[in-house]
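Novice: Provided below are the primary sequence and the corresponding predicted coordinates.
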2 protein chains.
Amino acid sequence: MTPVEELRYLILAAQREGNRRLGQALRPLGITPAQAEVLRLLEDRQPLTLSGLGELLVCESGTNPSRLVDRLVSSGLVDRVPGEQDRRQVELSLTPTGKRLARKVAGIEDELHRMLQSAGSAREIATVVGFLRTLVDGQPAGEALALRRD
Amino acid sequence: MTPVEELRYLILAAQREGNRRLGQALRPLGITPAQAEVLRLLEDRQPLTLSGLGELLVCESGTNPSRLVDRLVSSGLVDRVPGEQDRRQVELSLTPTGKRLARKVAGIEDELHRMLQSAGSAREIATVVGFLRTLVDGQPAGEALALRRD
DNA sequence: CATCACTAGATGTCGTGTCATGTATTGGTC
DNA sequence: GACCAATACATGACACGACATCTAGTGATG
């Protein structure tokens, strides 16, 4: 197997394992990794419209996340109200329960981050970040991240 | 956003974009990235049992890929016959059509690999590969890759 | 030979993830 | 003010991806 072929599968493997770990850690909270990303984004930037949220999500990039939000609304974690001056839009914000859960999610993410941190030196991590940035630059998922870096 | 938090999302973003690109390139062939992985594995290592295949797959690691194989069988790309001496097992191999398709898949993957190659120097790629290896080491998706490196 | 834990695979369920299409609302153009 | 392209969101369809459970076949133990 060539180094790049291995790299292709390593990216897949790393994403899968990260998601599996995060999913297990989130399970007691009754939410999934994708739902967690929405909660954390709303925590920092609410209120957001559906498409505004969609631009910032790395999971579900390119599509509108209406079904993802659906479940959060029916779980009572997110409020979805029609837009004031544009009735096509919806305005999303966290319910009190959602806000509480978002705080717990942040703690769980920190555990994952410590694990990531310990997988390499700061120099190595910087190299990996730089490499992956050039990889996703200019594509939907990359743009979502670029918006969030600011 | 801390570097590790960005890294976490970059891994997700890179996987998503890679999968999207590969999916678009494979669409004319009528198969998906996950199906392509099966075809390429069988091309190199047929015959395989279902669990043998499962151990080598990075996508669908940990679970048995019976439904993934189902679709390949009904598309006429894979043969699935009961095991000779153990009737619990099934023996998977490529049909002639499947073999032809696997060759085309290899060409499409090469395009992706060239794109990956051009995203960084050989040194950088080696660093990224090393980092991701330690990340997935010891977990199902990592073990699948380790088996395939030999 | 009967029993029974174990294994290989199939299947149910739920939540994405992606592409395509449908529908209501808006704002510009005549 | 009627028309119409564009926008925001919803929804249909299909294939995963992960977990749990089920079923049939196997082999070790007595």
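Specialist: Sure, I can see it.

Novice: what does chain A have sitting close to DNA strand D?
Specialist: Neighbours of DNA strand D within chain A, by CB under 7 Å from any atom of the strand: A:16, A:19-20, A:23-24, A:49-52, A:63-64, A:66-67, A:69-70, A:80, A:83, A:86, A:88-90. C-betas here are computed from N, CA, C, even on glycine.

Novice: just the buried ones from the residues you listed?
Specialist: For the residues of chain A next to DNA strand D, a burial check counting by 16 or more other CB atoms under 10 Å in any protein chain shown picks out A:16, A:19-20, A:49-50, A:69, A:90.

Novice: from the residues you listed, which ones fall inside strands?
Specialist: Among those, the residues falling in strands (DSSP state E) are A:49, A:90.

Novice: got the buried ones among the residues of chain A next to DNA strand D as TSV, with pLDDT columns?
Specialist: Listed next are those as TSV, based on pLDDT from 0 to 100:
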residue	pLDDT
A:16	96
A:19	96
A:20	95
A:49	96
A:50	96
A:69	97
A:90	96
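
Novice: out of the buried ones among the residues of chain A next to DNA strand D, who's near DNA strand C?
Specialist: residue A:19.

Novice: got TSV for the buried ones among the residues of chain A next to DNA strand D, with distance to chain B too?
Specialist: TSV is the format used below for these (distance: CB to the nearest CB, whole Å):
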residue	distance to chain B
A:16	5
A:19	8
A:20	8
A:49	21
A:50	19
A:69	19
A:90	24
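
Novice: which one of the buried ones among the residues of chain A next to DNA strand D is nearest to residue A:104?
Specialist: residue A:19 (18.2 Å; CB to CB).

Novice: what sits against the closest residue to the closest one other than its chain neighbours?
Specialist: Using CB to CB, 6 or more residues apart in numbering or on different chains and skipping the chain neighbours, the partner closest in space to residue A:19 is residue A:33 (5.5 Å). Residues near residue A:33 by CB atoms under 8 Å, 6 or more residues apart in numbering or on different chains: A:19, A:22-23, A:26, A:59.

Novice: how near is residue A:1 to DNA strand D?
Specialist: Going from residue A:1 to DNA strand D by CB to the nearest atom of the strand, to the nearest Å gives 19 Å.

Novice: ok, that residue - contacts?
Specialist: Counting by CB under 8 Å, 6+ apart, residue A:1 makes contact with B:148-149.

Novice: what does the pLDDT read for it?
Specialist: We have a pLDDT of 88 for residue A:1.

Novice: strands along chain A, start to end?
Specialist: Secondary structure of chain A by DSSP E: the strands cover A:48-49, A:78-82, A:90-94.

Novice: generate CSV for these, with distance to residue A:3 as supplementary columns.
Specialist: Formatted as CSV, these follow (distance: least, CB to CB, whole Å):
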stretch, distance to residue A:3
strand A:48-49, 40
strand A:78-82, 43
strand A:90-94, 43
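
Novice: of these, which is nearest residue A:130?
Specialist: Minimum separation from residue A:130 across the strands of chain A (CB to CB) falls at strand A:48-49, 29.1 Å.

Novice: wait, isn't residue A:108 in contact with residue A:23?
Specialist: No. Judged on CB atoms under 8 Å, residue A:108 makes no contact with residue A:23 at a distance of 10.6 Å.

Novice: between the two, which contacts overlap?
Specialist: Listed contacts common to residue A:108 and residue A:23 are nil; contacts here mean CB under 8 Å, 6+ apart.
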